[in-house]
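# generate coordinates for the sequence data below:
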Amino acid sequence: AKSFDIISTVVKDGLDGQHVRYLSQSLAEERALAMKLDANSSDPHREMVYCMIGSIDSMIEEMIERREI
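Model prediction:
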């Protein structure tokens, strides 16, 4: 759900660096915790979801960095 929240925030409010960075860090922490606690994290479908969320986070971080240059 947080991955869609961050996409919605970027679309609605733009790349307000501080707020979006906070959401991005929160998403990364939630993803890491979910993977750690997920007994089935190696399931191919779950791996795909975790990778997709990681890609969304990386994309947002890259967009923020490019904007700050």
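# list the contacts for the one residue sitting closest to the centre of the chain?
In the chain, the residue lying closest to the centroid (C-alpha atoms, centre = their mean) is D57, at 3.1 Å. Going by C-beta atoms under 8 Å, 6 or more residues apart in numbering, D57 touches 3, 6, 24, 27-28, 31. No exception for glycine: its C-beta is placed from N, CA and C like everyone else's.
# ok, the residues you listed vs L37, which is closest?
Set against L37, the nearest of those by C-beta to C-beta is R31 (11.2 Å).
# would you confirm that that closest one contacts I53?
Yes. R31 is within contact range of I53, at 5.2 Å (criterion: C-beta atoms under 8 Å).
# ok, back up a step: from the contacts of D57, which two are the most distant?
Longest distance between any two of the contacts of D57 is 11.5 Å, between I6 and R31; criterion C-beta to C-beta.
# residues of the helix or strand containing E29 that come out buried?
According to DSSP states H and E, E29 maps onto helix 17-37. By neighbour count on 16 or more other C-beta atoms under 10 Å, the buried set for helix 17-37 is 20, 23-24, 27-28, 31.
# and which of those is nearest to N40?
R31 (15.2 Å).
# so who does the closest one touch?
Each residue near R31 by C-beta under 8 Å, 6+ apart is listed here: 50, 53-54, 57.
# still on that earlier bit, which pLDDT value goes with the residue nearest to the centre of the chain?
Per-residue pLDDT puts D57 at 87.
# who's in contact with M52?
Residues near M52 by C-beta under 8 Å, 6+ apart: S3.
# confirm for me that S41 is in contact with M48.
No. Contact between S41 and M48 fails when scored by C-beta under 8 Å: they sit 11.4 Å apart.
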